[in-house]
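**Q** here's a sequence, model it:
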Amino acid sequence: MRIALIQTPIEDFYFTPQRTYPLGLSYLAGAINNLSVEFEILDFLIKHGRQSISIPQEFKTIMTLLPYDRSPISAFHSYYHWGASWEKIADYFSKESYDLYAISSNFYTYSQEVLKVAEIIKSINPHSTVIVGGQNVGSEHKLFTQSEYIDICIQGEGETPFRELVKRLLRGQEISDIPGLWNSNLSIWNETNKDRTFPYIAAQKLLPFDKYIIAGEPSIMIATSRGCPMGCKFCSVSRTFGHKLRLRPVESILEEMQIAYDRGIRVFDIEDDNFTFIKEHSMDLLEKIIARFGNKISLYAMNGLSAEHLDEKIIQLLKHAGMKLLNLSIATSSKKQLELMNRHTNISHFQKIVQIAYNYKLKVMGHFIAGLPGQPLQEILETMKVLSELPLILGISPFYYIPGMKMEVPNIPNSCKEARLSRFWPADRILDENDLITLFRLSRWINYLKKQMLKKRICKLNFNEISLIFADDPFITSLITNSSFTGLDAKNLLYEHQHSKRVMNSFMNIFNNSYIYCTF
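**A** Numbering: from 1, shown residues only. Predicted coordinates for the structure are as follows:
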């Protein structure tokens, strides 16, 4: 049996190359590593370039708000196919045939790209078996189960059911009762296995050494835990990994890191956001990472960490272990909204942790959500003010819908393509696209201001003094003096962006006489 484990291209205004490591597929490969099969990971996303494509119909309504812009407060304007072209994928599968095609789908908004790859496979090899799994797969939406090109879906953690599926197919046995499975013959979902085990060691040697790069260095992603007991209503992680936190044995983590290190990998991105949830476990892991690798590696946690589970001792260990950037999520600074979302965030503790990290010279990004269902404009701007007064970079995420969310979303997108932050789809009637895009540009403007403050070695600056210090910078002063954004077109000519006047007026009122703090 020949098996292809597939990462598909995506189509969007942007994508983040550092976040493309096919971690799930590498664990899936590890699960079948000792079976009598041939398999390989086919990554059709990274290192295949991009092609400019026409703007989908779903985005046409907002494109007047997203003109071409080369300025520091630019948003999105050009749409691309990231990865191998559909023609190249078809050409590849016309030359290479497999019995089983397992496609990873982690993001609802890129479901159509998964369906396109499945269609290509079936058009060339109609008698093959196409499987789809990943965090985007479940009974909440029907895009995959209604497709004529998909034979089997696996929801939840995929290693154990996928291994069992392969074993039974090799033996010619019945597959219909495998936990977490849906197949086109029965058209029903099996209940996922409640007795979850932790993943096998990832088959990372299947992936090219220099394909996945962070900060110019070869990198891999690793997982130290699974499951999340937090229960935030805007998150669907527990749908895949469950509510119970399961810690991976420290020695297993170190073994996987050592295998990568011996291959020349020096950058590790810890992808689970709960690896500091249990202090004793995280400290044990970090102390052993320091003892084994010293200062020869770099650590990231790009999926974000909770400040609630950090203290000075852990930050000190993170710094010594090689952590380069702390991604911390606040979601919102509103206590009422946090309670509504079942989000456990202590704002004063968050502020304390950011300051401690700054003292240890750790760069920090503070992530927040704009446009949650029922979220008033003032609350978003107050959150931006809280973050602006801290030595960090703002990371804004316009709210987007995911099937399986535990919160009510009054305005569900018409298409999966519109369920992404770059679409600025309003969750309700409180904000519209212009409001959300203006908030996005304001976040970009604040980060640009902080960067310029760094150049002038200004640590703290009163909002009302900005125009005096940066009088020669049109991108900064146009907002202060005219309450507008200045863009830069392809001919290097300045122009004024459209913006939401009510957002801008509220911003100026809330930020009046506040202080902006620089980061490094």
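**Q** need the three-state assignment for W182.
**A** Per DSSP: H, G, I helix; E, B strand; the rest coil, the local secondary structure of W182 is strand.
**Q** bridge partners for the residue lying closest to it once chain neighbours are set aside, pull those for me.
**A** Beyond its immediate neighbours in the sequence, the residue positioned closest to W182 (CB to CB, 6 or more residues apart in numbering) is C153, lying 4.3 Å away. Every C-beta, even on glycine, is put in place using the N, C-alpha and C of the backbone. With beta bridges defined as DSSP bridges, C153 has these partners: V132, W182.
**Q** now do the strands in the stretch 51-200 of the chain.
**A** All strands of the stretch 51-200 of the chain, identified by DSSP state E, counting those that start in this stretch, fall at 80-82, 100-104, 129-133, 152-154, 181-183.
**Q** least reliable of these going by mean pLDDT?
**A** Between these, the lowest average pLDDT goes to strand 181-183, which shows a mean of 92.
**Q** what sits against the residue nearest to W182?
**A** Counting by CB atoms under 8 Å, 6 or more residues apart in numbering, C153 touches I131, V132, G133, V137, F144, T145, L181, W182, N183, W189.
**Q** would you turn those residues into TSV with neighbour count?
**A** What follows is those, written out as TSV (neighbours: other CB atoms under 10 Å):
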residue	neighbour count
I131	26
V132	29
G133	29
V137	30
F144	25
T145	18
L181	25
W182	24
N183	21
W189	15
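**Q** of the residues you listed, closest to P413?
**A** F144 (17.4 Å; CB to CB).
**Q** so for the closest one, what's the pLDDT?
**A** Here the pLDDT value assigned to F144 is 95.
**Q** contact partners for it?
**A** Taking CB under 8 Å, 6+ apart as the contact definition, F144 lies against S105, S111, V114, L115, V132, V137, I150, C153.
**Q** check the offset of stretch 298-311 from the chain's centre.
**A** If you compare the mean C-alpha spot of stretch 298-311 with that of the full chain, they lie 14 Å apart, counting by CA atoms, centre = their mean, to the nearest Å.
**Q** also stretch 421-438?
**A** Averaged over its C-alpha atoms, stretch 421-438 has a centre that lies 19 Å from its chain's centre (CA atoms, centre = their mean).
**Q** as a whole number, average confidence for it?
**A** Over the span of stretch 421-438, the pLDDT mean works out to 97.
**Q** sorry, back to before: any chance of JSON lines for the strands of the stretch 51-200 of the chain, columns distance to R19?
**A** Rendered in JSON lines, the data for the strands of the stretch 51-200 of the chain read as follows (distance: least, CB to CB, whole Å):
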{"stretch": "strand 80-82", "distance to R19": "12"}
{"stretch": "strand 100-104", "distance to R19": "14"}
{"stretch": "strand 129-133", "distance to R19": "19"}
{"stretch": "strand 152-154", "distance to R19": "23"}
{"stretch": "strand 181-183", "distance to R19": "28"}
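**Q** closest one to T438 among those strands?
**A** With CB to CB, the closest approach to T438 among those belongs to strand 80-82: 24.3 Å.
**Q** which helix is the longest one in the protein?
**A** When every helix of the chain is counted residue by residue (DSSP state H), the longest turns out to be helix 433-455.
**Q** so what touches stretch 106-122?
**A** Outside stretch 106-122, the residues that touch it by CB under 8 Å, 6+ apart are 6, 8-12, 24, 44, 86, 89-90, 93, 101, 103, 105, 128, 130, 132, 134-136, 141, 143-144, 147-150, 400-403, 416-420.
**Q** narrow the residues you listed to those in helices?
**A** Members of those lying in helices (criterion: DSSP H): G24, W86, I89, A90, F93.
**Q** I'd like to know which of the residues you listed is nearest to I32.
**A** Distance to I32, by CB to CB, is smallest for G24 among the ones in helices among the contacts of stretch 106-122, at 13.4 Å.
**Q** shaky segments in the stretch 251-400 of the chain?
**A** Scanning the stretch 251-400 of the chain with the threshold set as pLDDT under 70 gives no residue ranges.
**Q** that one: helices as residue ranges?
**A** Listed in chain order, the helices of the stretch 251-400 of the chain (DSSP state H, counting those that start in this stretch) span 279-293, 312-321, 335-340, 347-359, 377-388.
**Q** so which of those gets nearest R50?
**A** helix 377-388 (31.3 Å).
**Q** can you spell out which helices and strands pack onto that closest one?
**A** Contacting helix 377-388 under the criterion 3 or more CB pairs under 8 Å, 6 or more residues apart in numbering; DSSP states H and E are the following elements: strand 323-331, strand 363-370, strand 393-398, helix 433-455, helix 501-511.
**Q** got these as a markdown table, with mean neighbour count and distance to S298 columns?
**A** As requested, the helices and strands packed on helix 377-388 are exported to a markdown table (neighbours: other CB atoms under 10 Å; distance: least, CB to CB, whole Å):
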| stretch | mean neighbour count | distance to S298 |
| --- | --- | --- |
| strand 323-331 | 21 | 5 |
| strand 363-370 | 21 | 12 |
| strand 393-398 | 20 | 18 |
| helix 433-455 | 21 | 22 |
| helix 501-511 | 16 | 35 |
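**Q** tell me which of these sits nearest to M63.
**A** The closest of the helices and strands packed on helix 377-388 to M63 is helix 433-455. By CB to CB, the value is 10.5 Å.
**Q** what sits closest to H367 if chain neighbours are left out?
**A** With CB to CB, 6+ apart as the criterion, H367 has its nearest non-adjacent residue at 4.0 Å, and that residue is G395.
**Q** pretty sure the one you found sits against V364.
**A** No - counting by CB atoms under 8 Å, V364 is not a contact partner of G395; they are 9.8 Å apart.
**Q** need the overlap of contacts for these two.
**A** Going by CB under 8 Å, 6+ apart, residues that sit against G395 and also against V364 are N327.
**Q** so the residue nearest the centre of the chain versus L493, what's the distance?
**A** Centrality entry for the chain: nearest residue to the mean C-alpha point is N303, 6.2 Å, by CA atoms, centre = their mean. In this structure, N303 lies at 40 Å from L493, with CB to CB, to the nearest Å as the measure.
**Q** repeat that for S443.
**A** Plainly put, S443 is 25 Å away from L493 if you go by CB to CB.
**Q** also E217?
**A** Distance check for E217 against L493: by CB to CB, it reads 39 Å.
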